[in-house]
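In: A structural model of the following input is requested.
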Amino acid sequence: TRLCLGHFYWISTLQPLVIKEPTIETTTPSMRQRYFQLFILIIASGSIYPVVYMRQNFEGSMLEAYGITLEQLSECHSLLGIMFFLTYLPSGWLSDRFSSKWLLGSSMAGTGLLALWLSTVPSFAEIKLIYIGWGITSGLTLWGALIKSTSLLAPHDQQGRFFGILESGRGIVEAMLATIGLAIFAYLLESVSAAKDVALIAVVQFYACAALVMAPIIVWVLHNSPEESVEKTDKPSGSGLLSDFVILIRNPSIWLAAITILIGYQMFWVTYSLAGLLESVFELSAVTVGSITLARLWMRPIGGVLAGFIGDYFHVVKFLAVLMLLSGAALASLPLLPATTAVAILFPMVMLIGVLSYGVRGIFWATLDSCNVSASTRGLAVGMISLIAYTPDIYVPVVQSWCMERWSGQTGYQVYYALFVASSIVGFFAAHRLSALSRKPSQ
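Out: Next up is the predicted model:
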């Protein structure tokens, strides 16, 4: 009996070792590692859009090379916009279910392969399929993973600078690739005397190679954040898409973030009309207008980085609220200037608008960290917010056309700008309220 009891005691002492579940060890990345990962995200995401939006620099050449009309090219971009709208929510859900590096890698590979297809000069029906495919590779598999990865990568007190650097860096990468593409195009036309369609195909192939090269790099180099690595382990067993959606839709911070980003994005949309305003109202030459608007593009890295670092120094969401008011005031003042205003005044005004509007765009996704959303549902939150926040793509052009038709000349621009500038007040209060909710002890 004594021997049996001794064996029982010995086995009982070993039992905790047998049933003990393994723990998942995670390491917190250093700031150098975080910034390196951010750099990879910037290069990867910036390598997609030059070919998707090559219309900006090669519209006339595309019409000639592919034998399509302007209306047909616009139809392709409409399909692209529709795909973006339809994939915002699924994109967020995918980023909660699959590793970001594989989603981003597939985005690079898919975009590059579709660009190679475009370089074969396909029919218009095939071109439409290519743009639908780009809607998937640059929307469904990219957007949610990109925003979620950046949000989880950034420390809580550095959300502003990470998103600001992301926006600024993407702008620089896109500008650099577009510049190289334009240089290739010009070289083949002027030095080699190649036909315009041949030169354009070479540019498309260059963009395709840039995306394809980045695909394996991002899969190999990009690492999951500690939060993303353990998100499946801390997710409740009964949690599903419907229950996650209900939880998020009941979160008032999600709605406040969506309103804030919507207001910021629609004010940014208004800046697309700056060229028309300068040329038609202030009667500047096309060359002068082109020079001013090109200089404004370089305010993107300046505005995004400045807003990110300044916002983190204070409080990024509160600073965003103030920045929206300043951006709105600058926008409202431009069409109110006399039509005889000199370039010496207009140029710095447009540059100021550029810095402020790009600053707003650079940090408005930093609101996501204030929404009290877990890592396991943050992608779905990105999709929900995007579904609301990017609706200006649909209605702002319609409002602009209505204003220009109802009121002619400078009055039309004044009404158009005033309508959306007034909404900056709504954005201010939404951001201010979101900041207050995020600072509650329960949060």
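In: residue 159 is in contact with residue 316, isn't it?
Out: Yes: counting by C-beta atoms under 8 Å, residue 316 is a contact partner of residue 159 at 5.7 Å. (Each C-beta comes from the backbone N, C-alpha and C, glycine too.)
In: flag the shaky bits of the stretch 101-250 of the chain, pLDDT-wise.
Out: Scanning the stretch 101-250 of the chain for pLDDT under 70 picks out 224-239.
In: returning to that earlier point: neighbour-wise, which of residue 159 and residue 316 wins?
Out: Neighbours were counted for residue 159 and for residue 316 using other C-beta atoms under 10 Å; residue 316 has more, 29 against 25.
In: which strand or helix spans the residue nearest to the more buried one when sequence neighbours are not counted?
Out: The spatial neighbour of residue 316 that comes closest, neighbours along the chain excluded (C-beta to C-beta, 6 or more residues apart in numbering), is residue 160 at 3.6 Å. Under the criterion of DSSP states H and E, residue 160 resides in helix 159-190.
In: list the buried ones in the helix or strand just after that helix?
Out: The helix or strand immediately downstream of helix 159-190 is helix 196-221, counting by DSSP H and E. Residues of helix 196-221 classed as buried: 199-208, 210-212, 214-215, 218-219 (neighbour count, 16 or more other C-beta atoms under 10 Å).
In: go on, stretch 378-390?
Out: Quick answer for stretch 378-390 (16+ other C-beta under 10 Å): 378, 379, 380, 381, 382, 383, 384, 385, 386, 387, 389, 390.
In: what residues does it touch?
Out: Stretch 378-390 has contacts (C-beta atoms under 8 Å, 6 or more residues apart in numbering) with 84-85, 88-96, 143-145, 147-148, 151-152, 241, 244-245, 248-249, 254, 257-259, 261-262, 265, 368, 371, 373.
In: quick one: buried ones out of those?
Out: Among the contacts of stretch 378-390, those classed as buried by 16+ other C-beta under 10 Å are 84-85, 88-96, 143-145, 147-148, 151-152, 244-245, 248, 254, 257-259, 261-262, 265, 368, 371, 373.
In: tell me the secondary structure at residue 323.
Out: When classified by DSSP: H, G, I helix; E, B strand; the rest coil, residue 323 comes out as helix.
In: now do the contacts for it.
Out: Taking C-beta under 8 Å, 6+ apart as the test, what residue 323 contacts is 307, 311, 356, 359, 360, 363.
In: tell me which element the third one falls in.
Out: Read it as residue 356. helix 343-363.
In: averaged pLDDT, that helix. What do you get?
Out: Mean per-residue pLDDT for helix 343-363: 92.
In: any idea of the angle it forms with helix 159-190?
Out: Inter-element angle recorded for helix 343-363 and helix 159-190: 120 degrees (by axes from the mean of the first three to the mean of the last three C-alpha atoms, to 10 degrees).
In: pull the CA atoms of the helix or strand immediately after helix 343-363 in the chain into PDB?
Out: Using DSSP H and E, the helix or strand that follows helix 343-363 in sequence is helix 378-389. The C-alpha trace of helix 378-389 is given here as PDB (Å, rounded to 0.1, in the frame of the first residue of the first chain):
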ATOM      1  CA  ARG A 378      -8.900  46.000 -36.600                       C
ATOM      2  CA  GLY A 379      -9.000  45.000 -40.300                       C
ATOM      3  CA  LEU A 380     -12.700  44.800 -40.300                       C
ATOM      4  CA  ALA A 381     -12.800  48.200 -38.600                       C
ATOM      5  CA  VAL A 382     -10.700  49.600 -41.500                       C
ATOM      6  CA  GLY A 383     -13.100  48.200 -44.000                       C
ATOM      7  CA  MET A 384     -16.200  49.600 -42.200                       C
ATOM      8  CA  ILE A 385     -14.600  53.100 -41.900                       C
ATOM      9  CA  SER A 386     -13.400  53.100 -45.500                       C
ATOM     10  CA  LEU A 387     -16.800  52.100 -46.800                       C
ATOM     11  CA  ILE A 388     -18.200  55.400 -45.300                       C
ATOM     12  CA  ALA A 389     -15.100  57.600 -45.400                       C
END
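In: list the buried residues of the helix or strand immediately after helix 378-389 in the chain.
Out: Counting by DSSP H and E, the next helix or strand C-terminal to helix 378-389 is helix 392-406. Neighbour-count burial for helix 392-406 flags 392, 396, 399, 400, 403, 404 (criterion: 16+ other C-beta under 10 Å).
In: elements contacting helix 392-406?
Out: Contacts defined by 3 or more C-beta pairs under 8 Å, 6 or more residues apart in numbering; DSSP states H and E place helix 392-406 against helix 70-97, helix 252-270, helix 409-421.
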